[in-house]
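>>> Everything below, folded, please.
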Amino acid sequence: EGDARAVFKSFNHDLRQYKKMSMFYHAESLKGFSATRDGEIYAIVRLGNDYIDNYYEIKYPLKITPFGTTDERIIWPEQNEMSIDLSDFIQLKNERNLNTNNPNSIYRKNIDGKIISIRGNPNLGEVKGILAGLENPADPAGGRAINAEVWINELRLSGLDEDGGWAAVGQMNVQLADLGNVSMSANIHTTGFGQLEQRVNDRFRDDFTQFDISTNLQLGKLLPKQLGLEIPFFANLSQTISTPEYDPYDKDVTLKEKLKIFKDERDSIRNDAIDYVGLKTFNFTNVRFNQRPNKKIRLWSISNFDFSYSFTETRQHNPLVESNQVSKSQGGIGYNYTSEAKYIEPFKKMIKAPTPWLDFLRNVNFNLKPSLIGIRMDTRRQFGAFRPRNVGGGPFKIPETYDKYFVIDRNYNMRWDLTRSLNVDFKAINNSR
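Numbers count the residues shown, from 1 in each chain. Alright, predicted model coming up:
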């Protein structure tokens, strides 16, 4: 009395696409022992993440088949068949979550003479195994030991959810004459969409939206041509949003059901469930004035300068990450001057004697200005703030962690051909944080 025996089978299966689970039970008394009466033993079936702390359970009394029976309907009586709509488990979980804050206690409900229970946080999307057994329930009025033989047969699932979905992909490119171009693309699919060769469980389980828009423009074309100003510009904006069919914390409860139950928390529940990634970036690269063909390049020419700047911001949140924001900016200014060496030979015309003894004076030469001057300064700055979600840990927020730096790089480069056979190269790099 009060004892139970069971067998179990381990597997890893997603049962959310099925509507019904069934199994046959047969029970009979053992010869040489007291006869077992109808309802004295109970069938027990558990399934979930484990069999102790996170499981669904169904329990109901068994009808005993008398010896010598040949009628199949009596050997496998209909009232002994475990047949349950899997949605009953989901409704029980929603009812438990709405009425109690203690998921570790057992919550029971009687449906058509069968007692279904839930403990912990099992989900039909990650069933790790199933346990089938018998129980001789304790009787406060006094029970007895029971000897019986029980057969279990044909555990099966039925009623596939074959609701389909749709998907679309689009792309558009626009050429803005010589100003630049604009490109746009979008990708959408809904829950239930899949390829023809895919199984039902392999289909998409989310509503997915992704779009991207980018542009490359030469903004200098909008200014008077006489300025000779080049302003290459690039910008990109993209978003990816995935709304799951099932709540990420109760993976067998649809998100729509949960939003209906907890109406006062709809916005926070939806925000916690969505997987969002947003990216925006723009940059100006090598902004400079072109050198006019009829003008000579000098040390102070404005065409020797170039400017660059870029900014990128990424925002993300999902069921495990409350916020992840990263901002990166980079700017640079450069100066680059190049010229051909012009050598001065002061004694070449003064010494006209053909004697080779004076060649060392005749070939004296020097150059008064450098052939190359390059100076560049780049700055790089990043700021990142990351906060994981406190899943199941109460209303308290986990502190943010930060990732930030600011770097300045300076590069110096000079080449001076002092004479035809003597030159000086100078390079220096300075990094500061």
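
>>> my read is Ser87 is in a strand, agree?
No - according to DSSP: H, G, I helix; E, B strand; the rest coil, Ser87 belongs to no strand; its state is helix.

>>> and the closest residue to it other than its chain neighbours, how many neighbours?
Counting by Cβ to Cβ, 6 or more residues apart in numbering, Lys19 is the residue found nearest to Ser87 once chain neighbours are left out, at 7.0 Å. Backbone N, C-alpha and C define where each C-beta goes, glycine included. For Lys19, the count of nearby residues is 14 (other Cβ atoms under 10 Å).

>>> Dig out what the residue nearest the centre of the chain forms beta bridges with.
The residue lying closest to the centre of the chain (Cα atoms, centre = their mean) is Asp275, at 6.4 Å. In this entry, Asp275 is beta-bridged to Ser242, by DSSP bridges.

>>> Got the confidence number for Leu358?
According to the prediction, Leu358 has pLDDT 69.

>>> cool, Gly143 as well?
pLDDT recorded at Gly143 is 69.

>>> My guess is the residue nearest to the centre of the chain contacts Ile241. True?
Yes - if you go by Cβ atoms under 8 Å, Asp275 and Ile241 touch, sitting 7.4 Å apart.

>>> Tell me how far the one helix or strand in the chain whose mean pLDDT sits lowest lies from the chain's centre.
Within the chain, no helix or strand scores below helix 359-362, which has a mean of 72 by mean pLDDT, DSSP states H and E. Mean C-alpha position of helix 359-362 versus that of the full chain (Cα atoms, centre = their mean, to the nearest Å) differs by 76 Å.

>>> Next secondary structure element downstream of that helix?
Next in sequence after helix 359-362, counting helices and strands by DSSP states H and E, comes strand 366-367.

>>> same for that following strand, what does it pack against?
Judged by 3 or more Cβ pairs under 8 Å, 6 or more residues apart in numbering; DSSP states H and E, strand 366-367 is in contact with strand 343-344.

>>> rewinding a little: check the secondary structure at the residue nearest to Ser87 for me.
At Lys19 the chain is in strand, as set by three-state DSSP.

>>> quick one, what contacts it?
Neighbouring residues of Lys19 by Cβ atoms under 8 Å, 6 or more residues apart in numbering: Asp85, Leu86, Ser87, Ser158, Gly159, Leu160, Asp161.

>>> ok, it to Ser158 distance?
7 Å (Cβ to Cβ, to the nearest Å).

>>> for the stretch 51-200 of the chain, what spans make up the strands?
Along the stretch 51-200 of the chain, counting by DSSP state E, counting those that start in this stretch, strands occupy 55-61, 82-85, 107-111, 114-119, 127-135, 148-160, 167-176, 180-189.

>>> Deepest-packed of the ones you listed, please.
strand 55-61 (a mean of 21; mean count of other Cβ atoms under 10 Å).

>>> For the closest residue to Arg389 other than its chain neighbours, give me the pLDDT.
Nearest residue to Arg389 in three dimensions, chain neighbours excluded: Glu322, at 4.6 Å (Cβ to Cβ, 6+ apart). pLDDT, Glu322: 93.

>>> Next: Ala353.
65.

>>> how about Gly332, what does it touch?
Phe307, Ser308, Tyr309, Arg376, Met377, Asp378, Thr379 are the contacts of Gly332 under Cβ under 8 Å, 6+ apart.
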